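K.L.:
A predicted structure for the sequence below; I have some questions about it.
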Amino acid sequence: MKIDRKILIGLAVIVAFIALMLIVQMFVLNTPQNPLKNAANNTNIYDSTFAKADFIYGPQTWKPYADKLPIAPGNTNGYRFLFVDLNSAPLPGGSLRVNYSFNHLPGAAAFQVYGYSNMSNEGSGISWTNRVEGLGSSGYYINGTSSGVTMQELPDSHHIYVKVANHEGPKFNVYHNGTYYIGFQKSGGGLNKLHITTDPSAIDGQVTHTDSRSGTFYITNTGDATMDDAILMVAVSGEIPDDMILRITAA
Amino acid sequence: MKRPYFSLYDIAVLSMLGALVYILRAALRMPMHIPGKSGIFWVVPIIVGLAIVKKPGSATYIGLVSGVLASFFGMGTADVFDLFKYVAMGMSIDILALPFKARLDNPLVGLILGAGGNLCTMVVNYTIESMLGIQPFFILAGIGMSSITHFIFGAAGGIIAAVIIGRLYRAGVVKKNERCPD
């Protein structure tokens, strides 16, 4: 058989395969049981409230990563923050819905997300977070003003162990000390898979600023890596009053 | 005494190219979350190695070496299962190259080998993920677009490999096997 005919046959097979995959994708996305469309209707898998005493970290202006990333870019206020183990993680291409509600929020607030895996390249630990600056950044920020606070920063941004505010402790207690290990391979890595979005179909996420003290956003996973857990970081600026309550639900 | 299938020279060249695949994956990180993007440089050493050694199984051997390195040094998230991805790419390129033999310097042949290898990796990768517990829905929901990106980057890598092979032939560094018919 001549080379030209072999090439044509080879190309035809590849094109037919791709066409078949596109047909499968269209069929699957249009099925009634599309869980991406039903994310808003899923029953809660996590529901808890937090008070002033749960915000054990900070005040500081940066969130843990290989480098110190700003909690709220452009905002130099110190934030107190906590970590919430959502007991689930968005699957590749999927989303996790988070509802929040603040009572007596003293200033601004920021939501960031981390991804945990038992099999990451750093061992068992947190290896993903949402990008906060530049192309592909996402986050959810509540507007507000607050007075200055005295900074009390974490000892380091990286290779540290952090406690979650969950009353039942972390879902994966592999180090038997109630903490998660934050270990990113290198600066620039682990920033492209997790996103925060207000529209589950816009899975690349976006930066959202709102005045609302209660609302909903979604955590999405655009990578091909399966994460075992998602950890939400909630940061609050200003002096937290004794009667502040934060409720988080996830589904 | 029966001669081994691969000579010492063949083993040395294929092993170095297998290590090159691992080094390229480790060193060249593109900050875009596009499935299959690494295929653009992943397929080049495999196809070039096949053209140099000119024996079926060469690409599989390169895939095996690079897969072992990637699995043990923890390149991907599936750890030991990454070995299957690399071997699958090598095997698929070996099989696809059988009809084309001495025409690996043809860019269209390179396109077919690169795209076919990268698409085969995609299939193996998603099969492993479904075995590890990911719901098939989430895999199939993006498989169309994923196929297109795997094709584009694999084809680009295959064309690059074909150009490199053509240059090697013309420079006399690698002798084209003139006895192999079209």
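P.N.:
On my side now, so go ahead. Residues are numbered from 1 along each chain as shown, chains lettered A, B, ... in the order given.

K.L.:
where does pLDDT dip in the chain?
P.N.:
Since you didn't name a chain, this refers to chain A. For chain A, applying pLDDT under 70 flags the ranges A:1, A:31-44, A:119-123, A:148, A:224-226.

K.L.:
actually, chain B is the one I wanted.
P.N.:
Across chain B, the stretches falling below the confidence threshold (pLDDT under 70) are B:1, B:29-33, B:74-79, B:132-135, B:137-138, B:177-182.

K.L.:
grab the most central residue of it for me.
P.N.:
B:V43 (3.7 Å; C-alpha atoms, centre = their mean).

K.L.:
that's a helix at it, yeah?
P.N.:
Yes. B:V43 forms part of a helix when assessed by DSSP: H, G, I helix; E, B strand; the rest coil.

K.L.:
who touches it in this structure?
P.N.:
B:M89, B:I93, B:L113, B:G114, B:G117, B:N118, B:G154, B:G157, B:G158, B:A161 (C-beta atoms under 8 Å, 6 or more residues apart in numbering or on different chains). Where you see a C-beta, it was placed from the backbone N, CA and C, and this is true even at glycine.

K.L.:
can you count the residues close to the residue in chain A that chain B sits nearest to?
P.N.:
Nearest to chain B, among the residues of chain A, is A:Q25, at 3.3 Å (C-beta to the nearest C-beta). Burial measure for A:Q25: 18 neighbouring residues, criterion other C-beta atoms under 10 Å in any protein chain shown.

K.L.:
and it, that's in a strand?
P.N.:
No. Under the criterion used here (three-state DSSP), A:Q25 is helix, not part of a strand.

K.L.:
my read: it touches B:M145, true?
P.N.:
Yes. With contact taken as C-beta atoms under 8 Å, A:Q25 and B:M145 are classed as touching, separated by 7.0 Å.

K.L.:
and the one residue in chain B that gets nearest to chain A, helix, strand or coil?
P.N.:
Nearest residue of chain B to chain A (C-beta to the nearest C-beta) works out as B:G144 at 3.3 Å. Of the three states, B:G144 takes helix under three-state DSSP.

K.L.:
that one: what's it in contact with?
P.N.:
With the criterion set at C-beta under 8 Å, 6+ apart, B:G144 makes contact with A:I18, A:M21, A:L22, A:I23, A:V24, A:Q25, A:M26.

K.L.:
try it again at 7 Å.
P.N.:
Contacts for B:G144 (C-beta atoms under 7 Å, 6 or more residues apart in numbering or on different chains) come out as A:M21, A:L22, A:V24, A:Q25, A:M26.

K.L.:
the second one sits in which helix or strand?
P.N.:
Using DSSP states H and E, the secondary-structure element containing A:L22 is helix A:3-29.

K.L.:
just checking, next helix/strand downstream of that helix?
P.N.:
Sequence order places strand A:46-51 as the next helix or strand after helix A:3-29, per DSSP H and E.

K.L.:
that following strand packs against which elements?
P.N.:
Contacting strand A:46-51 under the criterion 3 or more C-beta pairs under 7 Å, 6 or more residues apart in numbering or on different chains; DSSP states H and E are the following elements: strand A:245-250.

K.L.:
what residues does the strand it packs on touch?
P.N.:
Counting by C-beta under 7 Å, 6+ apart, strand A:245-250 makes contact with A:44-51, A:84, A:86, A:88, A:96-103, A:232, A:234, all of which sit outside it.

K.L.:
give me the buried entries from those residues.
P.N.:
Neighbour counting over the contacts of strand A:245-250 (16 or more other C-beta atoms under 10 Å in any protein chain shown) leaves A:46, A:48, A:50, A:84, A:86, A:88, A:96-98, A:100-102, A:232, A:234 as the buried ones.

K.L.:
got CSV for the residues you listed, with distance to A:S124 and secondary structure too?
P.N.:
Converted to CSV, the buried ones among the contacts of strand A:245-250 look like this (distance: C-beta to C-beta, whole Å; DSSP: H, G, I helix; E, B strand; the rest coil):
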residue, distance to A:S124, secondary structure
A:Y46, 21, strand
A:S48, 23, strand
A:F50, 25, strand
A:V84, 19, strand
A:L86, 17, coil
A:S88, 17, coil
A:L96, 20, strand
A:R97, 26, strand
A:V98, 24, strand
A:Y100, 28, strand
A:S101, 32, strand
A:F102, 32, strand
A:L232, 19, strand
A:V234, 23, strand
